[in-house]
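Using only what follows, build the 3D model:
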Amino acid sequence: MLGRVYIIKLKEIFRNKYIVGWNFLFPVVLGTAFYLGFGNLIAEDPDSFTTIDVGYVNTSNEDTSFSQMLEILSEEGEGHVKTLERYDYDSEEEAVAAMNNDEISGVYLDNGSEIETIVPKNGYEATVLNQIVRVYRNRSELLQTVATDHPENLEKVIAMMSEDINIMKKHDFGTNTSAFLQYFYALIAMASLFSSWISTSMLENMCANMSECGKRVECAPASKMISLFAGVLAGMTLQSLSNAIVVVYLQKVLGIDLGAPMWNVILISTIGSGLGISSGILMGAMIRSKKLLSVIPIGFSMLCSFCSGLMWDQIRQIIEANVPILNRINPAALLVDCLYIRATYGLTAEYYRDVYIMCGMIVVSLFVSSILLRRRRYVSI
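Just a heads-up that it's a prediction; the model follows:
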């Protein structure tokens with residue numbers, strides 16, 4: 001029974017040209033417009049970090065700890081750029097000549113006991129190169145102090161320092177997330193919330209006070225909960241497919257790097273689809289006017305999308321600074337925040353917090369909707 005109703009609901013939704021146009025085509029068109037508007041600014045974002053080319057001269061002829069640190073920072077983490085691109089030279093003169101020819105951004109001279117940094121001018125790259133040496137010196141002094149005063153803790157301190165270097169390489173320097181990606185994250189969130197229209201359209205055909213089809217459904221011997229559940233699965237299927245098409249189009253056709261693995265972006269957008277479907281069912285269960293059932297989901301989707309940064313990228317940060325609770329109950333803001341954190345910082349506690357909140361909102365919406373729909377009664381049909 002469930003499978004048959006599920007197939008029927010799939011056909012019913014897919015034959016709705018209004019839903020197909022807005023849910024499948026409009027996000028692709030809007031994504032193309034965003035790309036034409038500022039797609040190049042993402043690839044050439046001046047605020048994004050790029051790998052620093054640095055020369056290295058080892059006059060001690062031994063493998064030093066600083067050399068090992070540079071090797072770690074020269075490795076590429078998953079989904080992240082390198083911090084440094086190291087080039088070895090035999091002499092200081094050769095390295096300086098390469099720097100003067102703009103082949104490298106700076107030079108490290110390592111004699112085994114002291115590190116000297118040579119940079120052509122002040123700037124961001126010079127600051128990063130000097131900071132690396134400063135961190136190295138501080139940690140070397142700490143190791144010497146621990147080895148002298150508390151040698152039993154030396155291995156533990158070395159392990160902690162190695163872990164810190166890996167974290168610095170993965171999260172501090174390699175996060176090449178452009179501010180303009182905010183608009184594409186908000187686009188995915190908007191497309192996910194468009195699934196609320198699927199729910200309201202489905203409920204319109206299931207309620208006796210809204211359509212002739214609803215009268216037949218109310219009189220049918222089949223369980224309304226089974227029909228509703230099948231409709232939810234059908235809506236989730238089509239909206240998840242729509243979101244997957246948008247993500248693949250953005251990354252593979254337009255070449256927009258969303259900063260996170262594609263499967264993860266699709267998974268997050270699928271949760272967003274479920275959030276849109278459940279919110280639409282809740283609105284359909286609460287609203288009994290056919291006109292309002294057409295207007296409110298549109299207003300809900302666009303208002304949430306606006307507050308998530310679809311039209312103005314700073315609005316979500318302003319809300320976070322002044323009324324952060326709004327970002328915790330705005331499904332579009334939650335989805336944008338989840339995508340941004342995944343792309344910028346990885347699988348952090350904040351990322352899982354957003355996922356748990358979205359899943360909780362889905363469960364609560366469906367639970368409340370089921371109560372409201374089960375109690376719906378009519379004087380006559």
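
M302: neighbouring residues, count only.
M302 has 16 neighbours, counted by other CB atoms under 10 Å. Bear in mind the C-beta positions are built from the backbone N, C-alpha and C, glycine included.

Please apply the same query to D257.
15.

For G259, grab phi and psi.
Phi and psi for G259, reported as degrees, to the nearest 10, are phi 90, psi 0.

measure the residue nearest to K82 when sequence neighbours are not counted to Y87 for me?
Leaving aside its sequence neighbours, K82 sits nearest to T51 (CB to CB, 6 or more residues apart in numbering; 4.5 Å). Distance from T51 to Y87, counting by CB to CB, to the nearest Å: 12 Å.

My guess is the residue nearest to K82 contacts E75. True?
No - T51 is not in contact with E75 according to CB atoms under 8 Å; the separation is 11.4 Å.

between the two, who's got more neighbours?
Neighbour totals were compared for T51 and E75, and T51 leads with 17 against 13 (other CB under 10 Å).

List the contacts of the more buried one.
By CB atoms under 8 Å, 6 or more residues apart in numbering, the contact list for T51 reads V81, K82, T83, L84, E85.

Could you measure from it over to S289?
Taking CB to CB, one finds T51 at 58 Å from S289.

For L347, give its distance to P261.
L347 is 11 Å from P261, by CB to CB.

okay, now the domains of this structure?
Domain assignment for the chain, taken from automatic domain parsing, gives 2-44+177-374, 52-173.

okay, these in TSV with mean pLDDT next?
As requested, those are exported to TSV (pLDDT from 0 to 100):
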stretch	mean pLDDT
domain 2-44+177-374	81
domain 52-173	75
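
tell me the most buried of those?
Highest mean neighbour count among the domains of the chain (mean count of other CB atoms under 10 Å): domain 2-44+177-374, with a mean of 19.

what about the strands in the chain?
52-58, 84-89, 106-110, 115-118 (DSSP state E).

Direction included, what does the second one pair up with?
The one in question is strand 84-89. strand 52-58 (parallel) (DSSP bridges).

Straight-line length of stretch 103-123, end to end?
17 Å (CA to CA, to the nearest Å).

Give me the residues contacting that stretch.
Residues contacting stretch 103-123 (CB under 8 Å, 6+ apart): 52-60, 62, 64, 66-67, 70, 87, 89, 92, 95-96, 98-100, 125-126, 129-130, 133, 136-137.

let's go with 6 Å and repeat that
By CB atoms under 6 Å, 6 or more residues apart in numbering, the surrounding residues in contact with stretch 103-123 are 52-60, 64, 66, 87, 92, 95, 98-99, 125-126, 129-130, 133.

What of stretch 55-69?
Against stretch 55-69 from outside (CB under 6 Å, 6+ apart): 86-89, 92, 95, 98, 104, 107-112, 115, 136.

Just the endpoints, please. Distance across stretch 16-30?
Terminal-residue distance, stretch 16-30 (CA to CA): 21 Å.

so where do the helices sit in the stretch 101-250 of the chain?
124-149, 154-167, 181-193, 195-204, 212-219, 224-248 (DSSP state H, counting those that start in this stretch).
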